[in-house]
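**Q** structure here, sequence nowhere to be found:
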């Protein structure tokens with residue numbers, strides 16, 4: 001992995017996503033607990049998760065294949081980070097209940113559909129050695145290491161952002177990480193296109 005810029009880009013996509021996802025989830029849960037109390041919290045979670053699942057199914061059934069075949073894997077890789085950046089900036093500008101809830105929908109609906117499919121497709125032009133060894137390393141070590149970093153970020157968040165009025169500004173951190181995510185996705189997408197040219 002460390003000897004290949006392409007595989008490093010894939011590792012970056014995985015790692016940056018985990019960090020962004022953790023922060024957005026923290027913003028989502030903080031927003032719901034700030035605006036609602038008691039049974040209303042559970043009802044909001046149920047509604048948001050139902051909407052998220054419905055959108056994820058729609059995206060996977062009707063949009064994933066269309067975007068990947070019509071516009072390419074590189075474009076598909078950019079869908080989630082672009083939407084996440086838009087949602088984060090929207091929440092920073094207007095930290096309402098449904099804007100915060102939308103962060104969860106953006107994350108989970110598009111992560112487990114188009115983003116996952118595009119990310120897995122990146123391994124198809126690699127060698128057998130890279131496909132099995134590098135993918136295992138990224139999925140087992142990089143992803144879990146990124147989750148550990150994300151846990152550290154969460155602990156820092158709960159320490160320094162104890163009141164809801166400051167939660168919105170976490171979106172600036174999220175957008176900064178998304179910029180790195182986009183750089184990695186663009187590199188991986190362009191390299192994937194070169195390796196699969198004519199096939």
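**A** Happy to help now that I have it. Just so we're clear, the structure is a prediction, and the values are computed from it rather than from any experiment.
**Q** quick check: closest non-adjacent residue to residue 55.
**A** Spatial nearest neighbour of residue 55, excluding adjacent residues (CB to CB, 6 or more residues apart in numbering): residue 109 at 4.0 Å. Quick note: C-beta positions are derived from backbone N, CA and C, even for glycine.
**Q** low-confidence ranges in this protein?
**A** By pLDDT under 70, the weakly predicted segments of the chain are 198-199.
**Q** can you give me the helices in it?
**A** 5-35, 39-58, 64-70, 73-93, 97-110, 116-121, 128-129, 135-137, 143-160, 170-195 (DSSP state H).
**Q** list the contacts for the residue nearest to residue 55?
**A** When contacts are counted by CB atoms under 8 Å, 6 or more residues apart in numbering, residue 109 touches 52-53, 55-56, 59.
**Q** try 7 Å this time
**A** If a contact means CB atoms under 7 Å, 6 or more residues apart in numbering, then residue 109 has 52, 55-56, 59 as its contacts.
**Q** and the gap between it and residue 79?
**A** Residue 109 sits 11 Å away from residue 79, going by CB to CB, to the nearest Å.
**Q** swap in residue 152?
**A** 28 Å.
**Q** so for these two, which residue has more residues nearby?
**A** residue 79 (20 against 12; other CB atoms under 10 Å).
**Q** the more buried one touches residue 117, doesn't it?
**A** No. With contacts counted by CB atoms under 7 Å, residue 79 stays clear of residue 117, the gap being 10.5 Å.
**Q** not counting its neighbours along the chain, what's nearest residue 72?
**A** residue 193 (6.2 Å).
**Q** and that neighbour, how many residues sit next to it?
**A** Neighbours of residue 193 (other CB under 10 Å): 13.
**Q** for it, give its distance to residue 116.
**A** Residue 193 is 19 Å from residue 116, by CB to CB.
**Q** likewise for residue 56?
**A** 10 Å.
**Q** so which of those two has more stuff around it?
**A** Taking neighbours as other CB under 10 Å, residue 56 and residue 116 compare with residue 56 leading, 18 against 14.
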